[in-house]
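J.: sharing a model that was predicted from the sequence below.
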Amino acid sequence: MATSLDALFRPRGIAVAGASNDPTKPGHQVLHNLLEAGYAGQMAVINPNASAVLGVTAYPDLASIPATVEMLILAVPAATTPAMAEAIRLRKLQRQDLRVVVAVAGGFAETHTEEGRAWQEQLAEACVSAGVRLVGPNCVGIIDNRNRVDTTFLTGVHRRSSGISLLSQSGAMGAWMALEWGALPVPVGLNKFVSLGNMAEVDMGEVLDYLGQDPTTRAIGLYVEGNPRARALMEAAARATLRKPVVVLKVGRTDQGSDAAKSHTGALAGADRIYDGAFRQYGLIRTTRVDDFAVTLSAFDRLPLPLGGRVAVLTNAGGPGVYALDALADHGLSLAQFSPATKASLRATLPPFASVGDPDGHVDMTGGVGPRQVAQAVAAALRDPGVDALFHIFIPTKFNSAEEMARELLSLLPGLKRNSLDKPLFPVLLSGHGVAQARKLLEENGIMTFGSPDQAAAALAAMARYTSARQKPARP
């Protein structure tokens with residue numbers, strides 16, 4: 001369905017107010033990012049002191065731009081608000097093309113000054129009266145890697161797309177996560193990234209509704225500090241969770257953090273237990289750590305949902321296997337019970353000194369296991385109808401390299417999927433650089449990998465909770 005926010009992600013033309021040839025200015029970086037992203041629509045610069053910036057034609061004002069302008073990016077000082085507000089009204093009146101304004105500049109209500117609040121109200125009033133949507137002010141902007149739109153002033157953005165869309169109340173936190181995820185040894189791509197800043201007009205609930213209906217978004221990440229429209233946000237989240245998982249990172253869990261969040265955004269922070277209860281009631285998956293946030297979103301994007309929480313654990317190293325059992329228990333997950341046929345298959349496949357089903361659902365293949373045996377054991381466990389998900393803990397040895405094991409695994413998994421056994425597999429490859437090439441090989445062939453049992457347990461627990469919530473009767 002077409003909505004008023006479509007132009008935020010698919011604008012037919014963009015104008016950047018404040019772009020200059022000075023690379024230290026945010027407007028310069030915004031224009032650079034649009035060009036680097038490969039935006040294919042019409043572009044223009046508003047700068048009365050230049051004829052062009054980075055090869056893009058500059059005009060003295062918004063009214064002078066002859067091409068279509070559906071999105072206006074404001075990278076100019078807040079003090080220019082009176083002139084820009086009038087320009088927005090005039091453009092809409094004369095051309096009827098302007099649909100959205102993204103104000104990346106600061107200096108508005110977040111300053112807690114009378115002047116800053118007045119400028120924000122003036123900008124919002126101008127946009128609303130003209131029928132133009134306003135994102136911000138004081139936001140980082142938006143990224144849509146599928147449509148090659150980047151209105152941010154960030155540097156080093158990873159442009160790989162995925163099914164993950166990230167909605168962040170804080171520009172700095174959103175930027176940290178977007179850049180950090182792109183720099184991981186196995187980068188996490190983004191479909192859409194939206195930073196809303198002061199939320200003078202467009203708020204989180206509306207964008208969450210949009211992402212919930214976006215067919216290219218498989219999982220939504222939500223970073224929250226506090227929200228004056230908390231009920232509307234939760235109701236939007238409830239609608240979204242009917243279609244796809246919503247994973248939330250909410251800060252301000254402590255009294256100190258809550259006070260800082262209120263000071264930072266000016267939004268009501270509130271008691272964390274109230275938010276926590278609301279997240280549970282409305283079906284959101286909460287995480288408290290940034291790394292768990294990323295890996296959980298990736299798992300929802302890339303892995304099939306488990307039918308339940310019964311987990312099998314296969315390991316070629318005793319200690320890490322025991323550690324994985326503790327991690328699973330910490331997250332409320334239980335071990336699967338192997339069928340007699342599965343136990344017989346595993347004993348026939350693995351070395352005679354391997355421990356199968358002690359405890360049930362756990363297999364210590366031992367360090368003497370070979371790469372082909374590992375892959376066959378994984379296949380046998382996945383075939384068991386009593387197994388909903390499989391943890392595969394692996395440390396390379398001199399006679400069982402991670403790359404050989406990965407190749408053997410890849411040779412068997414397609415057959416399992418063809419036989420409708422597409423269960424979530426969690427390969428946990430330990431040893432850092434020693435397994436880097438194996439992880440790359442698996443990832444490039446569509447198999448998500450993990451660097452620790454903790455990461456895998458957190459992701460699987462979130463997926464199991466989401467599956468359980470979907471199986472309950474719909475909320476009235």
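T.: Alright, I've got the coordinates.

J.: and A44, what element?
T.: strand 42-46 (DSSP states H and E).

J.: contact partners of whichever helix or strand comes after that strand?
T.: Per DSSP H and E, strand 42-46 leads on to strand 52-53 as the next helix or strand towards the C-terminus. Contact partners of strand 52-53, identified using C-beta atoms under 8 Å, 6 or more residues apart in numbering, comprise A19, S20, N21, H28, L31, V45, N47, A58. Every C-beta, even on glycine, is put in place using the N, C-alpha and C of the backbone.

J.: how about a cut-off of 10 Å?
T.: 16, 18-22, 25, 27-28, 31-32, 43-47, 58 (C-beta atoms under 10 Å, 6 or more residues apart in numbering).

J.: so D292 touches A327, yeah?
T.: No. With contact defined as C-beta atoms under 10 Å, D292 does not count as touching A327 (11.8 Å).

J.: what's the overlap in contacts for these two?
T.: With C-beta under 10 Å, 6+ apart as the test, D292 and A327 both reach D454, Q455, A457, A458, A461.

J.: closest to N198 out of those residues?
T.: A458 (32.1 Å; C-beta to C-beta).

J.: list the contacts of A389.
T.: Here A389 is in contact with 303-313, 328, 333, 336, 382, 423-426, 456, 459-460, 463-464 (C-beta under 10 Å, 6+ apart).

J.: ChimeraX command for the buried members of the residues you listed?
T.: Remark: buried members of those, expressed as a ChimeraX selection using 16 or more other C-beta atoms under 10 Å:
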select :303,305,306,308,309,310,311,312,313,328,333,336,382,423,424,425,426,456,459,460,463,464
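
J.: inside strands: which ones of the contacts of A389?
T.: R310, V311, A312, V313, L425, F426 (DSSP state E).

J.: tell me the average confidence for stretch 349-366?
T.: For stretch 349-366, mean pLDDT is 95.

J.: what residues of it count as buried?
T.: T349, L350, A354, V356, G357, G361, H362, V363, D364, M365, T366.

J.: report the angle between the helix or strand hosting G27 and strand 42-46.
T.: Using DSSP H and E, G27 sits within helix 26-37. Counting by axes from the mean of the first three to the mean of the last three C-alpha atoms, to 10 degrees, helix 26-37 lies at 170 degrees to strand 42-46.

J.: helix 26-37: how far from the chain's middle?
T.: 22 Å (C-alpha atoms, centre = their mean, to the nearest Å).

J.: just checking, what packs against that helix?
T.: strand 13-17, strand 42-46, strand 52-53, strand 56-59, strand 71-74, strand 142-144, strand 149-150 (3 or more C-beta pairs under 10 Å, 6 or more residues apart in numbering; DSSP states H and E).

J.: cutoff 8 Å now
T.: strand 13-17, strand 42-46, strand 149-150 (3 or more C-beta pairs under 8 Å, 6 or more residues apart in numbering; DSSP states H and E).

J.: could I have that helix exported to PDB, CA atoms only?
T.: Output of helix 26-37 as PDB, limited to C-alpha atoms (Å, rounded to 0.1, in the frame of the first residue of the first chain):
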ATOM      1  CA  PRO A  26      27.600  17.500   7.400                       C
ATOM      2  CA  GLY A  27      25.800  18.600   4.200                       C
ATOM      3  CA  HIS A  28      28.800  17.600   2.200                       C
ATOM      4  CA  GLN A  29      28.900  14.200   3.700                       C
ATOM      5  CA  VAL A  30      25.100  13.800   3.100                       C
ATOM      6  CA  LEU A  31      25.500  14.500  -0.600                       C
ATOM      7  CA  HIS A  32      28.600  12.200  -0.700                       C
ATOM      8  CA  ASN A  33      26.600   9.400   0.800                       C
ATOM      9  CA  LEU A  34      23.800   9.800  -1.600                       C
ATOM     10  CA  LEU A  35      26.200   9.500  -4.500                       C
ATOM     11  CA  GLU A  36      28.200   6.600  -3.000                       C
ATOM     12  CA  ALA A  37      25.000   4.700  -2.300                       C
END
